[in-house]
Each structure stands twice: as C-alpha cells, then as structure tokens.
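A.B. asks: okay, here's the prediction I keep looking at, along with the sequence it came from:
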Amino acid sequence: VQLVESGGGTVQPGGSLTLSCTTSESIFNMYDMGWYRQAPGKQRDLVGTVTAGGRTNYVDSVQGRFSISRDHAKKTVYLQMNSLKPEDTAVYYCNAVDQRDPARNFWGQGTQVTVSS
C-alpha cells in the first residue's frame, strides 16, 4: 500500500494548512487512517484517526483545532489544521491500518509542517 502525503509548508502562528494523504489502494474503504507527527528529537505521536466508517478521534492538544476527513472516491484522507502553534511544528505522517488484518500497517513518507513567525 502506497501512501503519498502533500500540503506541508511553513505558516505563521494562527494560520492554517491542509495536509492530504492519497493511496493507490483500490480498497481504501477497508482501512482505518491516522495522522501522526514527529518533532525533532521526539517520538512519533498520534494526532488523530478516522475509521473506515468516518468516526474521528483526536488527541487533546489538537482537539477543536484540527479536523480529519476522508474522501472515498478520491482515496484521500485530509488533515485540516487551524490555529496553528509553534509547537505543532513536526513532520506529519499518514498511517493506514487494514481493518481485515490490523497487522497490515503502512506509513507515508512524511511532510514537514513548520509554524514560525
């Protein structure tokens, strides 16, 4: 399963960015999707998830600011990030977990998000 992220960049505090993660997998609707991030010198942490059925979950630090959605026709999951803070600076990764076999777990290459004035 190939995952390709895009949409990263540099934004000022308080700004917005939307990340995209597109897969070539024809059965995208069988995967739960997640966004993770890794800041320099830190471990990779969960940002939020969206199930194949569209149910979302977020960590407290992004609740109310970030939103995850998925478009089954485009086989794409989005991370809309608003009210960005310097501490949101990280490499953001897309993750896909096969509902039929959770051991099948795939990662994108990551996209850099920098929040700086």
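C.D. replies: That came through, no problem.
A.B. asks: spatially central residue in the chain, please.
C.D. replies: With distances taken as CA atoms, centre = their mean, the chain has Trp35 as the residue nearest its mean C-alpha position (2.8 Å).
A.B. asks: pretty sure that residue is in contact with Val91, am I right?
C.D. replies: No - Trp35 is beyond contact range of Val91, at 11.3 Å (criterion: CB atoms under 8 Å). For glycine as for every other residue, the C-beta is placed from the backbone atoms N, C-alpha and C.
A.B. asks: tell me where the protein has strands.
C.D. replies: Along the chain, counting by DSSP state E, strands occupy 3-6, 9-11, 17-23, 31-38, 44-50, 56-58, 66-71, 76-81, 90-98, 105-107, 111-115.
A.B. asks: neighbouring strands for the fourth one, and are they parallel or not?
C.D. replies: This means strand 31-38. strand 44-50 (antiparallel), strand 90-98 (antiparallel) (DSSP bridges).
A.B. asks: deepest of those, which one?
C.D. replies: With neighbours taken as mean count of other CB atoms under 10 Å, these reach their highest mean count in strand 90-98, at a mean of 21.
A.B. asks: now for Lys75, how many residues are close by?
C.D. replies: By the criterion of other CB atoms under 10 Å, Lys75 has 17 neighbours.
A.B. asks: need phi/psi at it.
C.D. replies: Backbone torsions of Lys75, given as degrees, to the nearest 10, read phi 50, psi 50.
A.B. asks: which pLDDT value goes with the closest residue in space to it that isn't next to it in sequence?
C.D. replies: In this structure, Lys75 finds its nearest non-sequential neighbour in Phe28, 4.2 Å apart by CB to CB, 6 or more residues apart in numbering. Note on Phe28: pLDDT of 83.
A.B. asks: how near is Tyr31 to Asp101?
C.D. replies: 11 Å (CB to CB, to the nearest Å).
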